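> Pasting the sequence and the predicted coordinates here, then a few questions.
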Amino acid sequence: MSKFNQLYNPLLESAHWQAAQSMQLEGNEFGHWLLELDSLSRRFERHCEHFTVSLVEQGMLEHSCLVPNERALIGDVDCLQRKVVLLGDGVPWVYARTLIPMTTLTGQERDLAELGEMPLGFRVFTDRSARRDALEIARIAGGETGLWARRSRLWLNGKPLLVAEVFLQDAPMYKETQAWR
């Protein structure tokens, strides 16, 4: 799975993020995927027989490695960095990078460091305190016509996480033209 890291991490790093409101995605054929406020993992489950997550990399990231807009969203703190690929029936659909500040990994949120190949969305969106904000969208190079990506801040008990996701070329969002499912 390191090929995903080599291919898609640079795309995320070079993304020009724009506030979702400024992108006029309402009614766009991809908008309902990009604007999803609930668990993307739960939504993907409805589009396949076997939804899985493959852990690509997980480790500590020093605060000095964060870019300014990441610091603005989660603070100037060391983070646990988690990179995964979401797969539907063995087909890669999303490459995701999550930054979890060390200050978030306290109390009941300590378990976020132990997710392994469990989808982050399964853990986060079972918590009643969970919410998403700071949703940003980017159109990035890759695939035949470019790929869509989104980044958002998640909150658990008032503690932030930052999740960036690239929708890969075989993701259901590119194959589906129907409105909200």
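Yep, it's here.
> So in the protein, which helix runs the longest?
Counting by DSSP state H, the longest helix found in the chain is helix 2-14.
> buried residues in that helix?
For helix 2-14, the neighbour count (16 or more other C-beta atoms under 10 Å) marks 4, 8-9, 11-12 as buried. Any C-beta I mention is one placed from the backbone N, CA and C, and that applies to glycine too.
> Give the pairing partners of the helix or strand just after it; include direction for each.
Remark: after helix 2-14, the chain's next helix or strand is strand 18-19, criterion DSSP states H and E. Sheet pairing of strand 18-19 (DSSP bridges) gives strand 131-140 (antiparallel).
> Show me where this structure dips below the pLDDT cut-off.
Across the chain, the ranges flagged by pLDDT under 70 are 1, 24-28, 142-143, 176-181.
> same thing but 50
Counting by pLDDT under 50, the chain shows low-confidence ranges at 178-181.
> mind listing the helices for it?
Going by DSSP H, the chain shows helices at 2-14, 31-34, 40-45, 68-74, 120-124, 172-175.
> that older thread, next, the angle strand 131-140 makes with the longest helix of the chain.
Per axes from the mean of the first three to the mean of the last three C-alpha atoms, to 10 degrees, the angle that helix 2-14 makes with strand 131-140 is 100 degrees.
> returning to that earlier point: just the closest of the buried residues of helix 2-14 to Val91, please.
Nearest to Val91, judged by C-beta to C-beta, of these is Phe4 at 12.7 Å.
> hang on, the closest one packs against Tyr95?
Yes - in this structure Phe4 lies within contact range of Tyr95 using C-beta atoms under 8 Å: 5.2 Å.
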